[in-house]
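Enquirer: Any chance you could fold what I've pasted below:
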Amino acid sequence: MPDSRRQFLAKTSLGLFGAAVSLNAEAQVPSQLPPGAPSAFGTGPAVGPEVSPATFAEAEKLARVELRPAERSEAADSWRVNMAALMERRTGPRNLSLEPTLAPFSRYDSMLPGQHSAAERDRLVRTNFDPGPLPSNDGDIAFAPVTKLSRWIEQRKLSSEQLTNIYLHRIEQFDPKLRCVITLTRDLALAQAKRADAEIAAGRYRGPLHGIPWGGKDLLDTAGIPTTYGAEPFRNRIPAQDAVVVQRLEDAGAVLIAKLSLGALALNDVWFGGQTMNPWLLEEGASGSSAGPGAATAAGLVGFSIGSETGGSIVSPSMRCGITGLRPTYGRVPRTGAMTLCWSLDKLGPMTRSVEDAMLVLQAITGPDAGDVSSVPSHLDFDSGASIKGLRVGYFPNWMKQPPATDVDRVALETIEKLGMRAVEVFLPDWPYGSLNINLFAEGAASFEELTLSHGVDRLKMQTHDSWPNLFRQARFLSAVDFV
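Expert: Numbering: from 1, shown residues only. Predicted coordinates for the structure are as follows:
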């Protein structure tokens, strides 16, 4: 009777390389095979700790599968030659460390086949208005939107250095209570502001962000300046290069004034310096994880900021602190040089004091970069002068009728109608949205695998059942089958 396929592979795969490899028992050790030799399942040396049917019986409770006794025994008997070697990348004699810039092989594109971008042309029409005289009160200047600040700077009624000093003073005054700044880049900001003023005076105006001080969530790499991820283990981490978004804002003439707080490794609003607070209600946190950008922008400590979102980290602090946050479509803004939490969900976006501000910032940072394989070309078609009359605004009726919705939210619906827009009831399909957490937890645990296995996560301030240290440890036991 002819051999089974498995028997054939076990007997003959090494024979294919007989001219180069001696057919002895030791030759079956994977490290002694020529690179790329075809695998024969179940023929490698046994590695890893001994397991028993009882081991699988307990593991089944984690994976929520059920094996029959005979299946359990067969799995236990062959585990060390079938599956255990797959963990050797991190535990075996040839273990290797993965660079933080690596990404999974797959590329996700938000555009479905056959679809076309809604924006057919690429244009941004700014509001054409006279911003009026420069206020005499520094507070009024600090809270002005970029649309006004940029006009004052362009008209040379306000210098970038003056504006930068206003924000530096306010940071000194209010950050001790807000705890929204991790690293103040005072010297860099003043140097960039002076350069901006000199360029504008010489007629080299770069555009609406020229001379505007901004703050970046402290997961954006900044050359020679600490980028800490808000986490104690990375407190002294100093990158050699700027993130692409940081470089693009510098090219636009913006002034980096501060690296802003985030919940450690992009979760909640607690970092190694404490909890970032909501400027309008100091008894509550600013929400996370873009807590610093939310608080600093709302409190008039920066002209605008850049946050990141994996599952609500721009939207939530923007709502809590009362600013405009834009979570761009996945792939619109390149993440090169930004901390990776979840490759298939991470986004970067502007956090500002007005909608038009968000568009001005988005225009500067959008577009593909070779360092982010999921970043794609895209159009931005925005006309600030277009009428809002007749625009449809969707809302979820059940959400508006029950907590946490308040009378303030319901008044917003009435205001929409008064402005000439139409409030339209919309409904979300009943899909398993929570399944996205499989991506989040699995990819997050992979991104911070070394930190978890070395117990570096033990140094994070938050050590609760729903914070990263516990979630990363638990995620080791998620099923790869379920993830796919």
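
Enquirer: can you list the domains in the chain?
Expert: 53-96+434-482, 123-386 (the TED database).

Enquirer: Quick one: the ones you listed as a markdown table, columns for mean neighbour count, distance to Pro404 and mean pLDDT too.
Expert: Using the backbone N, CA and C atoms, a C-beta is placed for each residue, glycine as well. Output for those, formatted as a markdown table (neighbours: other CB atoms under 10 Å; distance: least, CB to CB, whole Å; pLDDT from 0 to 100):
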| stretch | mean neighbour count | distance to Pro404 | mean pLDDT |
| --- | --- | --- | --- |
| domain 53-96+434-482 | 15 | 19 | 93 |
| domain 123-386 | 21 | 10 | 97 |
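
Enquirer: can you redo those as CSV with distance to Leu419?
Expert: CSV is the format used below for these (distance: least, CB to CB, whole Å):
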stretch, distance to Leu419
domain 53-96+434-482, 34
domain 123-386, 14
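
Enquirer: Between those domains, which one is closest to Leu112.
Expert: domain 123-386 (12.4 Å; CB to CB).

Enquirer: Surely Leu362 is in contact with Met351?
Expert: No. The pair Leu362 / Met351 is not scored as a contact, 11.2 Å apart, by CB atoms under 8 Å.

Enquirer: Pull up the overlap in contacts between these two.
Expert: Jointly contacting Leu362 and Met351 under the rule CB atoms under 8 Å, 6 or more residues apart in numbering are Leu326.

Enquirer: Now do the same contact list for the residue lying closest to Phe143 once chain neighbours are set aside.
Expert: Spatial nearest neighbour of Phe143, chain neighbours left out: Gly300 (4.3 Å); criterion: CB to CB, 6 or more residues apart in numbering. Shown in contact with Gly300 (CB under 8 Å, 6+ apart): Gly139, Ala142, Phe143, Tyr167, Arg170.

Enquirer: Throw these into CSV and include distance to Arg89, thanks.
Expert: CSV is the format used below for the contacts of Gly300 (distance: CB to CB, whole Å):
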residue, distance to Arg89
Gly139, 56
Ala142, 51
Phe143, 52
Tyr167, 47
Arg170, 49
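
Enquirer: Work out for me the element Asn236 sits within.
Expert: Under DSSP states H and E, no helix or strand contains Asn236.

Enquirer: quick one: contacts for the residue nearest to it when sequence neighbours are not counted?
Expert: What sits nearest to Asn236 in space, not counting adjacent residues and going by CB to CB, 6+ apart, is Pro226, at 6.8 Å. Pro226 makes contacts with Ile182, Thr183, Asp218, Arg235, Asn236, Arg237, Ile238, Lys259, as judged by CB under 8 Å, 6+ apart.

Enquirer: Could you do Glu284 as well?
Expert: By CB under 8 Å, 6+ apart, the residues touching Glu284 are Met277, Asn278, Arg320.

Enquirer: Now render these as JSON lines, adding distance to Val65.
Expert: Output for those, formatted as JSON lines (distance: CB to CB, whole Å):
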{"residue": "Met277", "distance to Val65": "45"}
{"residue": "Asn278", "distance to Val65": "44"}
{"residue": "Arg320", "distance to Val65": "41"}
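
Enquirer: and these, which of them are in helices?
Expert: Using DSSP state H to define helices, the subset of these located there is Arg320.

Enquirer: Of all residues in this protein, which one is nearest the centre?
Expert: Asp346 (3.8 Å; CA atoms, centre = their mean).

Enquirer: nearest to Ser73, of the contacts of Pro226?
Expert: Arg237 (48.1 Å).

Enquirer: The closest one reaches Thr227, doesn't it?
Expert: Yes. Using CB under 8 Å as the test, Arg237 is close enough to Thr227 to be in contact (5.9 Å).

Enquirer: Please enumerate the helices of the stretch 351-484 of the chain.
Expert: Counting by DSSP state H, counting those that start in this stretch, the segments of the stretch 351-484 of the chain that form helices are 355-365, 397-401, 407-418, 436-447, 449-453, 468-475, 480-483.

Enquirer: now those in a markdown table, with distance to Phe427?
Expert: Shown next, in a markdown table, are the helices of the stretch 351-484 of the chain (distance: least, CB to CB, whole Å):
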| stretch | distance to Phe427 |
| --- | --- |
| helix 355-365 | 25 |
| helix 397-401 | 8 |
| helix 407-418 | 16 |
| helix 436-447 | 19 |
| helix 449-453 | 39 |
| helix 468-475 | 31 |
| helix 480-483 | 28 |
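
Enquirer: in the sheet, who's paired with Gly307?
Expert: Gly349 (DSSP bridges).

Enquirer: what are the ranges of the helices in the stretch 51-200 of the chain?
Expert: So, for the stretch 51-200 of the chain - with DSSP H, counting those that start in this stretch - the helices run 53-63, 69-82, 88-91, 138-143, 146-154, 160-178, 186-201.
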